[in-house]
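J.: got a sequence here, can you model it:
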Amino acid sequence: MAIKKDPVDVVIVGFGWTGSLMAMELADTGLNILALERGEQRDTYPDFAYPRIVDELTYGVRLKLFQNASKETVTVRHTAGETALPYRRFGSFLPGDGVGGAGVHWNGMLWRPLEADLKMRSTVIEKYGANFIPADMTVQDYPFTYEEMEPYFDKFEKICGAAGQAGNLNGEKVAGGNPFEAPRSNPYPTRALKQQYSGILFSKAAKALGYDPFPVPAANCSEPYTNPYGVQLGVCNYCGFCERFGCYNYSKASPQASVLPALYQYKNFELRTQAHVLRVNTDSTGKKATGVTYIDANGQEVEQPASLVVLSAFQLHNVRLLLLSKIGKPYDPVTGEGVVGRNYAYQMTGGAKLFFDQETRFNPFAATGATGMFIDNFNAENFDHSALGFVGGATISATITGGRPIQQLGISGHAPKWGSGWKQAIKDSYLHTMAVGSSGSVMPYKQCYLDLDPTYKDIHGQPLLRMTFDWQENELKMTNFVGTKVEEITKQIGPKTYEMGFKSMKAHYDVRPYQSTHTTGGAVMGDNPKNSVVNKYLQSWDVPNLFVLGACCFPQNLAYNPTGIVGATALFAAHAIRTQYLANPGPLVQA
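T.: Below is the predicted model:
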């Protein structure tokens, strides 16, 4: 028998970036707001305190801040004809766990999308014709314009204290910034981070080849700053412990550093941790959410009634909750009907390792998670695809995110794996190596999707989420093309030797090496219920008092890190709830 709690106005499932932003934006309405987080409570102090947090074995290798795959995981297969098997140790992507979620362990690269990213289908058709899009590719436009979303990109950057150099300020191009970016209404809140030597070399080479280098936009604060919530952020000290770690210096934007100190002041907000939500409950019609059911820290099943439900867990978990709750029609890859689980996508990465003589020093240990120089010349529709035969593109960059002693040694792939030869390789390369990398978009396909596994279950007896995904010809063509540009820049830099690392045209998706935690889709946003799970305000088409936030709503994946759109759309949804939904609960009209 489940324990039934007193009703609340709003229940938020998952307490990372989107959950904390939604709670903060609604807090001054006076509504009773409850956030449920299945992981443990964490805060900058004491959990991320120095020196305890700079423990690479605990956090970087043993993955203390991440989901425990022995309790819940996903099953993975390349095609629908294969049997999916459980993912026993996360490698390719790393879902966060605990308060702050993936917003704790991210690097801090904070991008706005290009205008073409938001209108990818219509842009490609306009430029190349409808036949340019492969028959199995289900690419679609976002249901809003860049102009609609710009105030929310701006607000999220201010919440994060983002560091960067504007390239397009109110339509005027600005030297030193990204010349391809869409117009922004304000400069970055703080100045760009200091560049490492690798970025300087990359920038010089890129300019010599006619490209347009610019510093990566970073949620790593570069100067003393107070954000719109009244929270003070510290100045990044380039400690080299960003990704996979919490920030002890209040410098890397996260829920803990940027939102929670203000949110915790509201008496109408409550957070319950170690609360694993099993499903969203609905009434007899299936058209109204009545709350959620969860397992508490004592293993007791709890029913939590609520007037408004917000799913703000990690992308994979939001999709699974919708499927477990029987909200929305599950996607069928055979018929193409249904929407929940449709348009799963990932990212395509590659790069080159550059090795220099002993006189060239990079000091990789003095780094942030987002220090580097990028070019966007081969991203999205910034270049002519007509003779290339693929949709999408990639960023190319030189970034050094740290020089940690286990995972960031930067030695040659040909070096011995142990013994004196391995030690000599470290000595020869540690201070004398840099990388030129690429991060590419991935389009959605009819055959790449998410559903519930018919065999495997989690510790609570519920079906695991099943991922059916493999690299497609379009993305392999794209990464091979971008690889030629990476090699061109590498040769211009002029290292002693270099090693290329790009996937061949016969490559298959491999879950073992880390690539990115930028999984997207499965509950995509759109302009009608036939092609989407939620509308432009991230409101469920089927259950109007349910909102679904995060990267699960992306129709396809862009080359950039997703956090900028994730934060901005959460703020956009919160604004719609405040200004429209609360006064007139029900389906919101798409303007």
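J.: show the subsequent helix or strand relative to the lengthiest strand in the chain.
T.: Ranked by residue count, the top strand of the chain under DSSP state E comes out as strand 301-311. Sequence order places helix 315-324 as the next helix or strand after strand 301-311, per DSSP states H and E.
J.: tell me which other helices or strands that following helix touches.
T.: Secondary-structure packing of helix 315-324 (3 or more C-beta pairs under 8 Å, 6 or more residues apart in numbering; DSSP states H and E): strand 276-282, strand 301-311, strand 449-457, strand 463-468. All C-beta atoms are positioned from the backbone trio N, CA, C, and that covers glycine.
J.: give me the contact list for it.
T.: 13-14, 74, 95, 277-280, 311-313, 328, 330, 340-341, 450-452, 462-465, 467, 519-523, 533, 548-552 (C-beta atoms under 8 Å, 6 or more residues apart in numbering).
J.: contacts for the next helix or strand after it, please.
T.: Once the chain leaves helix 315-324, the next helix or strand it forms, by DSSP H and E, is strand 348-355. The contact list for strand 348-355 (C-beta under 8 Å, 6+ apart) reads 394, 410, 412-413, 429, 432-442, 471, 475, 478-479, 482-483, 486-487, 490, 493, 495-503, 515-516.
J.: from those residues, list just the buried residues.
T.: 394, 410, 429, 432-442, 471, 475, 478-479, 482-483, 486, 490, 493, 495, 498, 502-503, 515-516 (16 or more other C-beta atoms under 10 Å).
J.: so of the residues you listed, which ones are in helices?
T.: 429, 475, 478-479, 482-483, 486, 490, 493 (DSSP state H).
J.: now, among those residues, which is nearest to residue 32?
T.: residue 475 (45.8 Å; C-beta to C-beta).
J.: quick check: closest non-adjacent residue to that closest one.
T.: residue 348 (4.8 Å; C-beta to C-beta, 6 or more residues apart in numbering).
J.: kindly report the same for residue 3.
T.: In space, residue 3 is closest to residue 302, 4.9 Å off (C-beta to C-beta, 6+ apart).
J.: show me what that neighbour is bridged to.
T.: Taking DSSP bridges as the rule, residue 302 bridges to residue 3, residue 294.
J.: OK, contacts around it?
T.: 2-5, 275, 293-296.
J.: what do you get for residue 159?
T.: 21, 227-229, 253, 258-259, 567.
J.: repeat that with 7 Å
T.: 227-229, 258 (C-beta atoms under 7 Å, 6 or more residues apart in numbering).
J.: let me know the closest of the residues you listed to residue 575.
T.: residue 228 (13.7 Å).
J.: you'd agree that closest one is in a helix?
T.: No. Assessed with DSSP: H, G, I helix; E, B strand; the rest coil, residue 228 is coil; it does not lie in a helix.
J.: roughly how far does it sit from residue 249?
T.: Separation of residue 228 from residue 249 (C-beta to C-beta, to the nearest Å): 21 Å.
J.: who's more crowded, those two?
T.: A side-by-side neighbour count of residue 228 and residue 249, using other C-beta atoms under 10 Å, places residue 249 first with 19 against 12.
J.: pLDDT weak spots in this structure?
T.: Across the chain, nothing is flagged by pLDDT under 70.
J.: what about the closest residue in space to residue 477 that isn't next to it in sequence, how many neighbours?
T.: In space, and not counting its chain neighbours, residue 477 is closest to residue 390: 4.2 Å by C-beta to C-beta, 6+ apart. Per other C-beta under 10 Å, the neighbour tally for residue 390 reads 21.
J.: one more: residue 326?
T.: 14.
J.: separation between it and residue 543?
T.: 10 Å.
J.: do residue 304 as well
T.: 16 Å.
J.: neighbour count: those two, which is higher?
T.: Taking other C-beta under 10 Å, residue 304 and residue 543 do not tie; residue 304 has more neighbours (25 against 22).
J.: residues touching the more buried one, list them.
T.: Counting by C-beta under 7 Å, 6+ apart, residue 304 touches 5, 11, 34, 291-292, 294.
J.: in helices, which of these appear?
T.: With helices defined by DSSP H, no entry of the contacts of residue 304 lies inside them.
J.: highest neighbour count among those?
T.: Once you tally neighbours by other C-beta under 10 Å, residue 11 ends up highest among the contacts of residue 304, having 28 neighbours.
J.: partner residues bridging it?
T.: residue 34, residue 309.
J.: phi, psi of the residue of the chain positioned farthest from its centre?
T.: Using C-alpha atoms, centre = their mean, the residue of the chain lying farthest from its centre is residue 420. It sits 39.6 Å away. Residue 420 adopts backbone torsions of phi -70, psi -30, taken as degrees, to the nearest 10.
J.: contacting residues around it?
T.: Counting by C-beta under 7 Å, 6+ apart, residue 420 has no contacts.
J.: circling back to that earlier point, what about the residue nearest to residue 477, distance to residue 478?
T.: With C-beta to C-beta as the criterion, residue 390 and residue 478 are 5 Å apart.
J.: over to residue 430?
T.: Relative to residue 478, and taking C-beta to C-beta, residue 430 is found at 32 Å.
J.: and what of residue 437?
T.: Distance from residue 437 to residue 478, counting by C-beta to C-beta: 15 Å.
J.: ditto for residue 470
T.: Residue 470 is 15 Å from residue 478, by C-beta to C-beta.
J.: equivalent analysis for residue 502, please.
T.: For residue 502 relative to residue 478 (C-beta to C-beta), the value is 10 Å.
J.: over to residue 77?
T.: 23 Å.
J.: equivalent analysis for residue 72, please.
T.: From residue 72 to residue 478 the distance is 33 Å (C-beta to C-beta).
J.: and the closest residue to residue 245 other than its chain neighbours, helix, strand or coil?
T.: Once flanking residues are discounted, residue 245 sits nearest to residue 59: 5.2 Å by C-beta to C-beta, 6+ apart. Three-state call for residue 59 (three-state DSSP): helix.
J.: is it true that residue 59 touches residue 66?
T.: No. Residue 59 is beyond contact range of residue 66, at 9.0 Å (criterion: C-beta atoms under 7 Å).
J.: just the buried residues of stretch 572-591, please?
T.: For stretch 572-591, by 16+ other C-beta under 10 Å, it's 572-574, 576-577, 580-581, 588.
J.: closest to residue 335 among the contacts of residue 302?
T.: Taking C-beta to C-beta as the measure, residue 335 sits nearest to residue 293 out of those, at 31.2 Å.
J.: test my guess that that closest one contacts residue 303.
T.: Yes. Residue 293 is within contact range of residue 303, at 5.2 Å (criterion: C-beta under 7 Å).
J.: what is in contact with the two at once?
T.: Counting by C-beta under 7 Å, 6+ apart, the residues touching both residue 293 and residue 303 are residue 2.
J.: how many neighbouring residues does the residue nearest to residue 245 have?
T.: If we define neighbours as other C-beta under 10 Å, then residue 59 has 21 of them.
J.: tell me the contacts of it?
T.: Residue 59 neighbours (C-beta under 7 Å, 6+ apart): 53, 65, 244-245.
J.: again, but for residue 537
T.: So residue 537 contacts 572-573, 576, 588 (C-beta under 7 Å, 6+ apart).
J.: against residue 325, how distant is it?
T.: Residue 537 is 20 Å from residue 325, by C-beta to C-beta.
J.: same thing with residue 306?
T.: 14 Å.
J.: and for residue 158?
T.: Applying C-beta to C-beta to residue 158 and residue 325 gives a distance of 35 Å.
J.: those two: who's more crowded?
T.: residue 325 (23 against 18).
J.: test my guess that that one contacts residue 286.
T.: No. Using C-beta under 7 Å, residue 325 is not in contact with residue 286, being 9.6 Å away.
J.: quick one: residues contacting the nearest residue to residue 140 once chain neighbours are set aside.
T.: Once flanking residues are discounted, residue 140 sits nearest to residue 555: 4.7 Å by C-beta to C-beta, 6+ apart. Taking C-beta under 7 Å, 6+ apart, we find residue 555 in contact with 140, 142, 343, 444, 524-526.
J.: hmm, try it at 8 Å
T.: Contacts of residue 555 by C-beta under 8 Å, 6+ apart are 120, 139-142, 343, 444, 521, 524-526, 532.
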